[in-house]
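Enquirer: attaching a predicted model along with its sequence, questions to come.
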Number of protein chains: 2
Amino acid sequence: MIKIAVDLKGADRPQTELVSGALAAVRETDDLFVYLCGDKSALEPYIEGTERIELIDAPEVITNNEDPAEAFKNKKNSSLVRGMELCKNDPDVGALVSCGATGAIFVSAMMMLGRIGRISPMLLVELRHADGSPLCIVDCGANVDCRPEKLVDFARMGIAYMKAVGVAEPKVGLLSNGAEDKKGNAVVKAANELLRAEISAFVGNIEGTSVLTGNADIIVCDGFSGNILLKTVEGSAKAVLSQLRAMPGVESAVGDRINELYTLYDFNSQGGAVLLGTRLPVIKGHGAANAETVRNIVLSAYRLAKNGLNAKIEDEFAAKV
Amino acid sequence: MIKIAVDLKGADRPQTELVSGALAAVRETDDLFVYLCGDKSALEPYIEGTERIELIDAPEVITNNEDPAEAFKNKKNSSLVRGMELCKNDPDVGALVSCGATGAIFVSAMMMLGRIGRISPMLLVELRHADGSPLCIVDCGANVDCRPEKLVDFARMGIAYMKAVGVAEPKVGLLSNGAEDKKGNAVVKAANELLRAEISAFVGNIEGTSVLTGNADIIVCDGFSGNILLKTVEGSAKAVLSQLRAMPGVESAVGDRINELYTLYDFNSQGGAVLLGTRLPVIKGHGAANAETVRNIVLSAYRLAKNGLNAKIEDEFAAKV
């Protein structure tokens, strides 16, 4: 049985919406068990008669408007902290899902789960190449200032993640301002040398033009550049689709196709960012996640846990010379 | 009379192609004079009978495959160095246009034109917001590692440029991983404070999602981030348009519209990157520029010179407290 803990609070939508997403995920599998952390008595009627679900009472909520460290310290009965406790105490729990405050997720994961070795935890976002194959960006925002060594750690975590989602031999690219090895700022140039020496799957620098169409499955960068990359892909795709839609005759002819692509590039609605490097992965969904998104995120957490993501991360670091 | 020097060599296309682009620009104006630096005797038949054109003989060429500093030192008869000499010696020359090697352009501009004050020269690329209004990115690649003060200089040059292309009150945004002032890496956080203190047109941080649709006309960033931003906008727009085109029924219905947008986001074919901060601006066109592109770049150099771009830059820095 794979167990996933779900934090039901701190999101924009009511807890019942998140519950229904989690229930959908449970129904689609036969070995997924979900802990739901929220207002137990109010939610009991919604899970009645359902197997492989357990409600954990958590009367408090941590919001985006409070200091993450303070909130973590003072709100031990919050849905987030209760979820982290399950991750820590039940060895069958493989991941936590939350659509709550990012800062508090980060702080509580660091404090309660701890890091794998000396790795700096980071955020991975999975998107798609233009040909539909999976692609991930590491880091998408957790570490805005990085030493070059950190980028090598991000590469290792990216490799483990891609293997866990079924890419047998993922290729690693380094985001830079030119394809040649000597291109980059000081950190990127040093990271290029380290990646050449330490990561056999490294295929070299990747420019912004080649992220969606190039041969790298993992784009390595610091959290500042990665955040800009991710948001620029989304913003540009949406802008050009809107421009096209506004041209005469386009909406009636291909409006549905445009909608399809618009949704594909709406990363918030697609899935979650994955916090890796802590002892268990945490999947952070968007605050506005609806039942469908929660279902996707819970299933993706289930698959990552089932495929041994964290063991794979440890393998990648153990292979380190 | 506005004079523009054009380097005809070092590009992918034959000199005659660049000549015909320059001629087209001259014909569209009544006060533009163009110096063409290339193989004088071979090109004479192509400009016969044309006014406001002068050929300057330059038998040598600097290519992308040589060391920029070495090439500059050893090739005084190159089209690039001859063009720089005109910029230096003829006070009526307002800008240089080149589709040659970027490194050599940078080195020769620094050595022969010199900097305005203590400004670090940088590359500006103009693109369009989704609503069609102009937008520029500063820096797009010249300074990959920056102190925060440099970003303020880039903002000033961006303001001068936007005023020169007719935007009366351009707004300045700082590229960051979040809209709040406290978001950013160490350099960006410090730059935010400086911009708040020194630039009245500063509107705050801009995320990747808001570059094409937000309220900033000038996106300030270091050359590393700017290069990634620019290339990611281009790569994402092209990728999503290609994906749409591949969907059943789309090509026949709206193929022409897609082509239109594809060209708009093909920044290489659109115009040039502008080197600012040297005593005269240098417009760098893509190596593969055709006659039409060269015409556009020469006209844009002409308009920038006519609108007193460099005087505007000096004004922006003079206003500095």
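Expert: Done, it's in.

Enquirer: next one: the worst-scoring helix or strand of chain A on mean pLDDT to chain centre, how far?
Expert: Comparing helices and strands within chain A by mean pLDDT, DSSP states H and E singles out helix A:267-270 as the least confident, with a mean of 74. Computed by C-alpha atoms, centre = their mean, to the nearest Å, the chain-centroid distance of helix A:267-270 equals 11 Å.

Enquirer: next SSE downstream of that helix?
Expert: strand A:272-276 (DSSP states H and E).

Enquirer: now stretch A:273-290: buried residues?
Expert: A:273-278, A:280-287, A:289-290 (16 or more other C-beta atoms under 10 Å in any protein chain shown). (C-beta placed from N, C-alpha, C; glycine too.)

Enquirer: got the end-to-end distance for that stretch?
Expert: 16 Å (C-alpha to C-alpha, to the nearest Å).

Enquirer: how about it and chain B, any contact?
Expert: No - applying C-beta under 8 Å from any C-beta of the partner chain, one finds stretch A:273-290 separated from chain B by no less than 12.7 Å.

Enquirer: could you look up the SS state of A:G94?
Expert: Assigned state for A:G94: strand (three-state reduction, DSSP: H, G, I helix; E, B strand; the rest coil).

Enquirer: so it versus chain B, what's the distance?
Expert: 29 Å (C-beta to the nearest C-beta, to the nearest Å).

Enquirer: I'd say that residue and A:K3 touch.
Expert: Yes - under the criterion of C-beta atoms under 8 Å, A:G94 makes contact with A:K3 at 6.4 Å.

Enquirer: now do the strands in the stretch 151-300 of chain A.
Expert: Counting by DSSP state E, counting those that start in this stretch, the stretch 151-300 of chain A has strands at residues A:172-175, A:202-206, A:218-220, A:272-276, A:282-285.

Enquirer: okay, the ones you listed in TSV with mean pLDDT next?
Expert: Shown next, in TSV, are those (pLDDT from 0 to 100):
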stretch	mean pLDDT
strand A:172-175	98
strand A:202-206	98
strand A:218-220	98
strand A:272-276	94
strand A:282-285	95
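
Enquirer: right, and these - which one's nearest A:G83?
Expert: Nearest to A:G83, of all these, is strand A:282-285, at 8.9 Å by C-beta to C-beta.

Enquirer: pull up the pairing partners for that closest one, direction included.
Expert: Using DSSP bridges, the strands paired with strand A:282-285 are strand A:93-98 (parallel), strand A:272-276 (antiparallel).

Enquirer: next secondary structure after the first one?
Expert: Of the helices and strands lying after strand A:93-98 in sequence (DSSP H and E), the nearest is helix A:102-108.

Enquirer: okay, buried residues for the helix or strand just after that next one please.
Expert: The helix or strand immediately downstream of helix A:102-108 is strand A:122-128, counting by DSSP H and E. For strand A:122-128, the neighbour count (16+ other C-beta under 10 Å) marks A:122-127 as buried.

Enquirer: cool, and stretch A:126-145?
Expert: Within stretch A:126-145, the residues scored as buried using 16+ other C-beta under 10 Å are A:126-127, A:129-130, A:134-144.

Enquirer: export the strands paired with strand A:282-285 to JSON lines and append columns for distance to B:A191.
Expert: Formatted as JSON lines, those follow (distance: least, C-beta to C-beta, whole Å):
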{"stretch": "strand A:93-98", "distance to B:A191": "32"}
{"stretch": "strand A:272-276", "distance to B:A191": "26"}
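
Enquirer: which of these sits closest to A:N185?
Expert: strand A:272-276 (24.2 Å).

Enquirer: and the angle for the closest one with strand A:122-128?
Expert: Strand A:272-276 and strand A:122-128 are oriented at 140 degrees to each other (axes from the mean of the first three to the mean of the last three C-alpha atoms, to 10 degrees).

Enquirer: could you dump the least confident helix or strand of chain A to PDB, C-alpha only?
Expert: Only the C-alpha atoms of helix A:267-270 are listed here, as PDB (Å, rounded to 0.1, in the frame of the first residue of the first chain):
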ATOM      1  CA  PHE A 267       1.200  25.300 -15.600                       C
ATOM      2  CA  ASN A 268      -0.800  26.100 -12.500                       C
ATOM      3  CA  SER A 269      -3.700  24.000 -13.700                       C
ATOM      4  CA  GLN A 270      -1.500  21.200 -14.900                       C
END
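
Enquirer: who's in contact with it?
Expert: Applying C-beta atoms under 8 Å, 6 or more residues apart in numbering or on different chains, the contact partners of helix A:267-270 are A:125, A:127, A:230, A:234, A:263-264, A:286, A:288-289, A:293, A:296.

Enquirer: switch to 10 Å and redo it
Expert: With contacts defined as C-beta atoms under 10 Å, 6 or more residues apart in numbering or on different chains, helix A:267-270 is touched by A:125-128, A:140, A:230-231, A:233-234, A:237, A:262-264, A:273, A:285-290, A:292-293, A:296-297, B:209.

Enquirer: repeat for stretch A:40-57
Expert: A:1-3, A:5-8, A:15-16, A:18-20, A:22-23, A:26-27, A:29-39, A:58-59, A:77, A:79, A:82-83, A:85-86.

Enquirer: and these, which of them are in strands?
Expert: Counting by DSSP state E, the part of the contacts of stretch A:40-57 found in strands is A:2-3, A:5-7, A:32-38.

Enquirer: related to what we said a few turns ago, dump the buried residues of strand A:122-128 to a markdown table, plus distance to chain B and pLDDT.
Expert: Output for those, formatted as a markdown table (distance: C-beta to the nearest C-beta, whole Å; pLDDT from 0 to 100):
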| residue | distance to chain B | pLDDT |
| --- | --- | --- |
| A:M122 | 13 | 96 |
| A:L123 | 11 | 96 |
| A:L124 | 15 | 97 |
| A:V125 | 12 | 96 |
| A:E126 | 16 | 95 |
| A:L127 | 10 | 94 |
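
Enquirer: so, low pLDDT: which residues of chain A?
Expert: Applying pLDDT under 70 to chain A flags the ranges A:320-321.
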